[in-house]
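**Student:** Provided below are the primary sequence and the corresponding predicted coordinates.
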Amino acid sequence: MKVRYVWLSIGLTFLLFFPNNGHSQTRFTYSKGQSVSPAYEGWWQNDDGSYTLFFGYMNSNWEEELDVSIGTENNIEPGGPDHGQPTHFYPRRNMFLFRVRVPADFGDQELVWTLTTNGRTERAYGSLRTDYLLDRQTIATEMGTNFGRVRDEWRTNEPPNLNIAIDQPRRVQLGEPLTLVAFADDDGKPSGNYSPPAVEPGKPHPAYSPPSQIVPGNPPGLRFSWIVYRGNASHVTFNVPQLKTWQDTRVYSNSPWSPPYILPSVPIDGKWEVQATFSKPGTYVLRAVAGDGALLTSENLTITVTK
């Protein structure tokens, strides 16, 4: 009888600490084959009474990048189908990617972004509902600024200054390197003196430690990248690998959200220079993106590639 009681006790302990898998949620990640979900991030009011609506997206794939032309499968209405949304979709979460300005009398209307990818249609509904109201601190929190450590200075943070030093629209021949020059600087907010964690002998590298914050974190500091906003990115090659602007949280993945969170050095003169080469004719839109870990500034460059 004593043995039976022991086994009954062990069984109850197992049920308490290891619940039935039938009631738990299994989560999978995918490299390809999944859809892209448009995302409405929120809104704020401008000084002139108009409103700015912020959009982004979530590509459920870790590797597959998709291209969807403006039209029936990628449109924003009313007033569309083109409201400046991307046609090239990088993997995973891409936050606060573009903005749409609506008039002061927008009221209870909705701006609907419809996107069809890999056979699935999804929509994001932009409205002025109060629970979507944004401010700089809210955006910083969503971006994982300073690894989720909230600071009051974020309320007065200004986005980086950005200027593309190249004429546009631009024409270039197939295979001809195009030099891209941009100038970016920042106000020093959010502040912080982050340095990669030290490796202790005999212990695992801190970069492989489980995350401790709810949202993926990233360090403060100025960063700059070129991305392909419209056009097939596989036909564009940069001579210097560009820091990712999407949330790649895998270790050493060249992303601000990637442990050990190392940002490229900022040029002394604030001049960022890179060459882009195109392998297929067509019209491309490259986007220059400057960020400080919280707020983003972007500017598009339209390039026509000829044979």
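**Tutor:** Here it is on my side, so go on.

**Student:** helices of the stretch 101-250 of the chain, start to end?
**Tutor:** Counting by DSSP state H, counting those that start in this stretch, the stretch 101-250 of the chain has helices at residues 136-143.

**Student:** where in it is pLDDT low?
**Tutor:** For the stretch 101-250 of the chain, the stretches with pLDDT under 70 are 148, 192-197, 206, 211-213.

**Student:** tell me where it has strands.
**Tutor:** 111-117, 120-126, 161-164, 170-173, 178-185, 223-230, 236-238 (DSSP state E, counting those that start in this stretch).

**Student:** what's the most buried one of those?
**Tutor:** Among those, the stretch with the highest mean neighbour count (mean count of other C-beta atoms under 10 Å) is strand 223-230, at a mean of 23. For the C-beta atoms, the positions are set from N, CA and C on the backbone; glycine is no exception.

**Student:** now do it: distance to the chain's middle.
**Tutor:** 11 Å (C-alpha atoms, centre = their mean, to the nearest Å).

**Student:** what does it rub up against?
**Tutor:** 86-88, 90, 162, 180, 182, 184, 233, 236, 238, 242-245, 256, 263-264, 272, 274, 276, 283-293, 300 (C-beta atoms under 8 Å, 6 or more residues apart in numbering).

**Student:** filter those down to the buried ones.
**Tutor:** 86-88, 90, 162, 180, 182, 184, 233, 236, 238, 242-245, 256, 263-264, 272, 274, 276, 284-293 (16 or more other C-beta atoms under 10 Å).

**Student:** re the thing from before, could the strands of the stretch 101-250 of the chain be laid out in CSV, adding distance to Gly217?
**Tutor:** Below are these laid out as CSV (distance: least, C-beta to C-beta, whole Å):
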stretch, distance to Gly217
strand 111-117, 28
strand 120-126, 25
strand 161-164, 24
strand 170-173, 37
strand 178-185, 22
strand 223-230, 14
strand 236-238, 26
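
**Student:** among these, which is nearest Phe147?
**Tutor:** Phe147 lies closest, by C-beta to C-beta, to one member of the strands of the stretch 101-250 of the chain: strand 223-230, at 15.3 Å.

**Student:** which residues sit against stretch 113-132?
**Tutor:** With contact meaning C-beta under 8 Å, 6+ apart, stretch 113-132 is reached by 33-43, 51, 53, 55, 57, 66, 68, 72-77, 83, 85, 89, 100, 106-112.

**Student:** quick check: the gap between the residue nearest in space to the middle of the chain and Tyr57.
**Tutor:** Nearest residue to the geometric centre of the chain (C-alpha atoms, centre = their mean): Asn94, 2.6 Å. When distance is defined by C-beta to C-beta, to the nearest Å, Asn94 is 5 Å away from Tyr57.

**Student:** now do Arg93
**Tutor:** Relative to Tyr57, and taking C-beta to C-beta, Arg93 is found at 8 Å.

**Student:** compare these two (neighbour count), which wins?
**Tutor:** Legend: neighbour count by other C-beta atoms under 10 Å for Arg93 and Tyr57, higher for Tyr57 (24 against 21).

**Student:** surely the more buried one meets Tyr40?
**Tutor:** No. Contact criterion C-beta atoms under 8 Å: Tyr57 and Tyr40 do not qualify, at 10.1 Å.

**Student:** list the residues that contact Ala294.
**Tutor:** Arg136, Ile139, Ala140, Met143, Thr145, Trp154, Asn157, Lys189, Pro190, Pro220.

**Student:** ok, and the closest non-adjacent residue to the third one?
**Tutor:** Read it as Ala140. Among residues not flanking Ala140 along the chain, Ala294 sits closest, at 3.7 Å (C-beta to C-beta, 6 or more residues apart in numbering).

**Student:** please identify the buried residues of stretch 129-143?
**Tutor:** Neighbour-count burial for stretch 129-143 [16+ other C-beta under 10 Å]: Tyr132, Leu134, Arg136, Gln137, Thr138, Ile139, Ala140, Thr141, Glu142, Met143.

**Student:** and Phe55, how far from Trp257?
**Tutor:** In terms of C-beta to C-beta, Phe55 sits 20 Å off from Trp257.

**Student:** and the two? Which one has more around it.
**Tutor:** Phe55 (25 against 22).

**Student:** circling back: filter the contacts of stretch 113-132 down to the buried ones, PyMOL style.
**Tutor:** To isolate the buried ones among the contacts of stretch 113-132 in PyMOL, judged by 16+ other C-beta under 10 Å, type:
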select buried, resi 34+35+36+37+38+39+40+41+42+43+51+53+55+57+66+68+74+75+76+83+85+89+100+106+110+111+112
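
**Student:** gap between stretch 134-148 and the chain center?
**Tutor:** 13 Å.

**Student:** oh, I was asking about stretch 52-70
**Tutor:** 9 Å.

**Student:** CA atoms only: put that stretch into CSV for me.
**Tutor:** Presented in CSV, the C-alpha positions along stretch 52-70 are these (Å, rounded to 0.1, in the frame of the first residue of the first chain):
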residue,chain,number,x,y,z
THR,A,52,-1.6,60.6,-39.6
LEU,A,53,-2.4,56.8,-39.7
PHE,A,54,0.5,54.4,-39.3
PHE,A,55,0.7,51.0,-40.9
GLY,A,56,3.1,48.1,-41.0
TYR,A,57,2.8,44.3,-41.5
MET,A,58,3.7,40.9,-40.2
ASN,A,59,5.1,38.4,-42.6
SER,A,60,4.7,35.0,-40.9
ASN,A,61,7.7,33.6,-42.8
TRP,A,62,11.2,33.7,-41.5
GLU,A,63,12.8,33.5,-45.0
GLU,A,64,10.3,34.0,-47.8
GLU,A,65,10.0,37.5,-49.2
LEU,A,66,7.0,38.3,-51.3
ASP,A,67,6.1,40.9,-54.0
VAL,A,68,2.6,42.0,-54.5
SER,A,69,1.9,44.8,-57.1
ILE,A,70,-0.5,47.6,-56.3
